Each structure stands twice: as C-alpha cells, then as structure tokens.
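Undergrad: Curious how this folds, go ahead:
(one chain, ligands or ions: 1)
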Amino acid sequence: MSNKIRIILGVVLVVCAICAAGVYYLFTNQNKEVVNMGDKKVLVAYYSYSGNTEAAAKKIQAITGGDLFEIQPKTAYPKDYNAVVSQAQEEKQKGFKPELVDNGDVKDYDIIFLGTPVWWYTMASPVRTFLTKNDFSGKVIAPFCTHGGGGESATYTDMQKLAPDAKVLTGYTSYENSASDKEIRSWINDLNLQGE
Ligand SMILES: Cc1cc2nc3c(=O)[nH]c(=O)nc-3n(C[C@H](O)[C@H](O)[C@H](O)COP(=O)(O)O)c2cc1C
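TA: You can find the predicted model right below:
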C-alpha cells in the first residue's frame, strides 16, 4: 500500500471517529439538558397513589431543575384497589380535603408544576388540600396528570376553581406510566414559561 493511500485511509478513519463521537454525544445528551426557565423559581409538587404520577413528576423535575415536593396525606389510603376507589368516590362527592403530613409552601416559587392521578374524573383529594392550604395568588400553575383511560376529565378546570387567583396553564396528560421526556419537553417549551 502506498503512503498516499495510507494517509487517505488515516484521514477517513479520523473523520469517521469524529462523526461517531458527535452522533453518540447527541443521543446521550439530548435528554439531559435542563430547559431554560429564565429567572423563575420552580416547584414540582405531586401526589401519587401507585407511582405513575410520581414518575412523571420526577421527569419534570429533572427537565426543569425545580424543587420536588411530595403531597402526602396524614392517613395513607388503603392498599386494596376497590377500597381506595370507593373511598375516593365518597371524598369527591363531599369535596373532602384530607390532612397532609406537610402542607408545603409555594411562597418562594413563581411556577408550580402540580401533578395528580385522575380520581373520579378530577384531581385526587390530597391535591384539593394542597391547593386550598396554600396561597396561589399571582402564581402560575402548570398542571399535569396521569389517568387510566379517561383523560384529564375535569382535573385542570377544578384546579382553577380551587385556586381562582392562580393562572392555570395548559396541562400535560399521560396514560398510566407513559409520560415521556420528549412529550414533557415539548409541552414545557410550548408553555413559554420565561414570559410568564
Ligand atoms: C380512586 C381511583 C380513581 C380513579 N379514577 C379514574 C378516572 O376517573 N379516570 C381515569 O382515567 N382513571 C382513573 N383512575 C386510574 C388512575 O388515574 C391511573 O391509574 C393513574 O395513572 C394512577 O396514578 P398514580 O400511580 O400516580 O396513583 C383511578 C384510580 C383510582 C385509584
């Protein structure tokens, strides 16, 4: 093999290696970047009974770089599915607001990502408590929920009713555990939060 061919092959190899490294970098880093939230302080608050909403909340937290807060009722809901379903139905009818381990504090935040599973076509009861125990006047709520096939139903409009002085934005709705980084990024970008 002549020297000229060796040099050409060497150059081709180096170019290929640089391209491969670039493609690898793109694939491994495109989901790690934190979305630019300007100077906004972000809280990601959620209640989750069986883990789906928690998984979505953690993805949103990683993407926004906000603080994470789990809304927890003082008395845990029964593990038995039928029992929690009938208890939740009764609580919805009464507008019941269970006591929380910690009511949280939204005072220091501009934007609150607020997540809930859909329970009987609306938010879960502990989220009702969180909304009424905090002062949301002048705050922006970016709501999200996970559901079992019925969609968000009245979840977001009911949130606005419980926090009339907040600005409740378009929500991110996902089925069971299907929330994806890609969808969350696109939802957040469309919300244009730097301008809020
Ligand atoms: C008490 C109860 C009520 C529910 N009501 C609804 C509903 O009205 N519509 C719906 O699509 N899914 C409903 N589901 C399904 C949950 O919304 C769905 O499984 C959700 O992803 C659970 O989130 P989690 O794992 O964060 O608790 C209900 C589940 C429970 C336990």
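Undergrad: right, and Asn177 touches Lys58 too?
TA: No - taking CB atoms under 8 Å as the definition, Asn177 is not a contact partner of Lys58, at 11.7 Å. Yep, even glycine has a C-beta here, placed from its N, CA and C like the rest.
Undergrad: can you pull out the helices in this protein?
TA: Ranges of helices in the chain, per DSSP state H, are 3-29, 52-64, 81-94, 125-133, 155-162, 181-191.
Undergrad: Spell out which parts of this protein neighbour the ligand.
TA: Within the chain, the positions adjacent to the ligand are 48-54, 84-85, 88, 117-121, 146-150, 176 by CB under 6 Å from any ligand atom.
Undergrad: do that again at 5 Å, thanks
TA: 48-53, 84-85, 88, 117-121, 146-150, 176 (CB under 5 Å from any ligand atom).
Undergrad: for stretch 121-131, what is the average pLDDT?
TA: For stretch 121-131, mean pLDDT is 98.
Undergrad: next one: stretch 87-103
TA: According to the model, stretch 87-103 has a mean pLDDT of 98.
Undergrad: and Asn52, how far is that from Asn177?
TA: 5 Å (CB to CB, to the nearest Å).
Undergrad: neighbour-wise, which of these two wins?
TA: Using other CB atoms under 10 Å, the more surrounded residue of Asn52 and Asn177 is Asn52, with 21 against 13.
Undergrad: ok, the more buried one to Glu99 distance?
TA: Here Asn52 is placed at a distance of 24 Å from Glu99 (CB to CB).
Undergrad: what does Lys79 give?
TA: 20 Å.
Undergrad: Ok, Asp110 next?
TA: With CB to CB as the criterion, Asp110 and Glu99 are 27 Å apart.
Undergrad: swap in Ser178?
TA: The spacing between Ser178 and Glu99, counted by CB to CB, is 32 Å.
Undergrad: Can you name the residues bridging to Ile141?
TA: In this entry, Ile141 is beta-bridged to Ile112, Val168, by DSSP bridges.
Undergrad: How much space separates it from Val34?
TA: 20 Å.
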